[in-house]
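Q: Take a look and give me a structure for this.
(one chain, ligands or ions: 2)
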Amino acid sequence: MRGAVTAQAPAKVNLLLQVGPLREDGYHDLVTVFQAVSLHEEVTAAPAREWGISVESADGTDVSGVPLDSSNLALRAAQLLAERRGVDEAVHLHVRKGVPVAGGMAGGSADAAAALVACDALWQLHSGLDGLAALGAELGSDVPFGLHGRTAVGTGRGEQLVPVLTTASFAWVFVLGTAGLSTPAVFRECDRLRALDGASAQPGDGRLEAVELALRGGDAEALGRALSNDLADAACSLAPELGRTLAAGRAAGAVAGLVSGSGPTVALLADSPAGAQRLAAELAPVVGPGRLRTATGPVAGARVLEPVAS
Ligand SMILES: C[C@@](CO)(OP(=O)(O)O)[C@H](O)COP(=O)(O)OP(=O)(O)OC[C@H]1O[C@@H](n2ccc(N)nc2=O)[C@H](O)[C@@H]1O
Ligand SMILES: Nc1ncnc2c1ncn2[C@@H]1O[C@H](COP(=O)(O)OP(=O)(O)O)[C@@H](O)[C@H]1O
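A: Numbering: from 1, shown residues only. Ligands and ions are numbered 1, 2, ... in the order given. Below is the predicted model of the structure:
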């Protein structure tokens, strides 16, 4: 058996997030377009006498909100894989976080995806992407995308994925929120605001086609016009600073901006990697440099980085 295996998995941004009505199982049907971006989580799985987990930050951001018990998604992922494949070995997982915690960028899901890939390699299970994605969907709606990466349309809870043709790399600036937002709370707020307005979900209104066309053409301006997020009003209602951050991003020259997933991270689209650096430099005095990350997308899904032979 190998001594330890490290895997990485990417953060995501939702280029489109259409939210349908609340289902009986407590979830909402989604039509979303995920893009994997170059902020990564790294998970190292090492054989151990007992199950355990440790967490560090890759970039100095606060990781105190990450649970260190059996509710941690990475640990749950490793234990689920062991249980389903009949593995009687414990591992210690070390997580190095490069994705903001509770930021709407699926950091916990990326940890689960990386843990599945690392443990699958450590235990030499050869489960394959689809096998791991089926387990991932049991852990969280965003976990299958963390495994697949690139750009994909997600339907159902977001776990049913179809790749999208993308002909260009896009440049992003992410502005971290000052406090995390809970995903279930944002979905609840969305339902509450819709009930107040008498508004209902708007499926099939051509927004998906506009995003797909912009991605196929590799056109950042067209993508900027097509970005949309049905959870944005709910996230802004719970965290009003988001509206101000979006306005600051536009004033600083972003092609477009939107709330990432359920927030509170704000994603700003730039015209190029150099444009993203300029945008971040412009915003640093406004929001503080510690809250800015630049990235590109799409990038690959979860993969083994450095298998260490025993
Ligand atoms: C909103 C999105 C958009 O990609 O991302 P984040 O902002 O969390 O990163 C996802 O739908 C989040 O997926 P994930 O974070 O994996 O959520 P899950 O653990 O599956 O669900 C947590 C809770 O969110 C709500 N939920 C989630 C997914 C969905 N399609 N409908 C929902 O209503 C439910 O209240 C559920 O109990
Ligand atoms: N490995 C993990 N990393 C981060 N958060 C985790 C993890 N496991 C469980 N959680 C819980 O999931 C919540 C959502 O975290 P995260 O996945 O970072 O954000 P989001 O769902 O907004 O994309 C956290 O507040 C935390 O309580």
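
Q: residue boundaries of the helices in the protein?
A: Applying DSSP state H to the chain gives helices spanning 73-85, 107-122, 128-139, 143-148, 183-197, 207-217, 220-226, 232-238, 241-251, 273-287.

Q: which residues are in contact with the fourth one?
A: The contact list for helix 143-148, computed with C-beta atoms under 8 Å, 6 or more residues apart in numbering, reads 9-10, 12, 34, 36, 73, 77, 106, 109-110, 112-114, 116-117, 129, 132-133, 136-137, 152, 154, 158-159, 161, 163, 301-302. The C-beta positions use only the backbone N, C-alpha and C, and glycine is treated the same way.

Q: among these, which are in reach of ligand 1?
A: With C-beta under 6 Å from any ligand atom as the criterion, those include 106, 109, 158 near ligand 1.

Q: Surely residue 170 and residue 221 touch.
A: No - Residue 170 lies out of contact with residue 221 (C-beta atoms under 8 Å); the separation is 11.2 Å.

Q: More neighbours: the two, which one.
A: Between residue 170 and residue 221, residue 170 has the larger neighbour count (other C-beta atoms under 10 Å), namely 28 against 13.

Q: who's in contact with that one?
A: 35, 220, 223, 269, 296, 297, 298.

Q: can we see that at 7 Å?
A: 220, 223, 269, 296, 297 (C-beta atoms under 7 Å, 6 or more residues apart in numbering).

Q: Then residue 139?
A: Contacts of residue 139 (C-beta under 7 Å, 6+ apart): 73, 76, 77, 80, 112.

Q: ok, and the most crowded of the residues you listed?
A: Neighbour counts for the contacts of residue 139 (other C-beta under 10 Å) peak at residue 112, which has 34 neighbours.

Q: Would you agree that one is in contact with residue 74?
A: Yes - checked against C-beta atoms under 7 Å, the pair residue 112 and residue 74 is within contact range at 5.8 Å.

Q: Spell out which residues of the stretch 1-150 of the chain are next to ligand 2.
A: Counting by C-beta under 6 Å from any ligand atom, the stretch 1-150 of the chain sits next to ligand 2 at 65-67, 71-74, 95, 101-109, 111.

Q: Tell me how many other residues surround whichever residue of the chain sits closest to ligand 2.
A: Nearest residue of the chain to ligand 2 (C-beta to the nearest ligand atom) works out as residue 108 at 2.8 Å. Residues near residue 108, counting by other C-beta under 10 Å, number 29.

Q: still on that earlier bit, between which two of the contacts of residue 170 is the distance greatest?
A: Spanning the widest gap among the contacts of residue 170 are 223 and 296, at 13.3 Å by C-beta to C-beta.

Q: quick one: which of these two has more around it?
A: Set residue 223 next to residue 296 and count neighbours by other C-beta under 10 Å: residue 223 wins out with 24 against 16.

Q: Tell me how many other residues surround the residue nearest to the more buried one when sequence neighbours are not counted.
A: Counting by C-beta to C-beta, 6 or more residues apart in numbering, residue 214 is the residue found nearest to residue 223 once chain neighbours are left out, at 3.9 Å. For residue 214, the count of nearby residues is 22 (other C-beta under 10 Å).

Q: repeat for residue 49
A: Count around residue 49 with other C-beta under 10 Å applied: 7.

Q: what does the chain put close to ligand 1?
A: Checking the chain against ligand 1 by C-beta under 6 Å from any ligand atom, the hits are 14, 17, 26-28, 30, 32, 104-106, 109, 140-142, 157-158, 183-184, 187, 261-262.

Q: Show me which of those are buried.
A: 14, 17, 27-28, 30, 32, 104-106, 109, 140-142, 157-158, 183, 187, 261-262 (16 or more other C-beta atoms under 10 Å).

Q: how close does residue 110 get to residue 140?
A: For residue 110, the distance to residue 140 equals 10 Å [C-beta to C-beta, to the nearest Å].

Q: same check, this time on residue 207
A: 24 Å.

Q: where does residue 197 land on pLDDT?
A: Confidence at residue 197, expressed as pLDDT, is 80.
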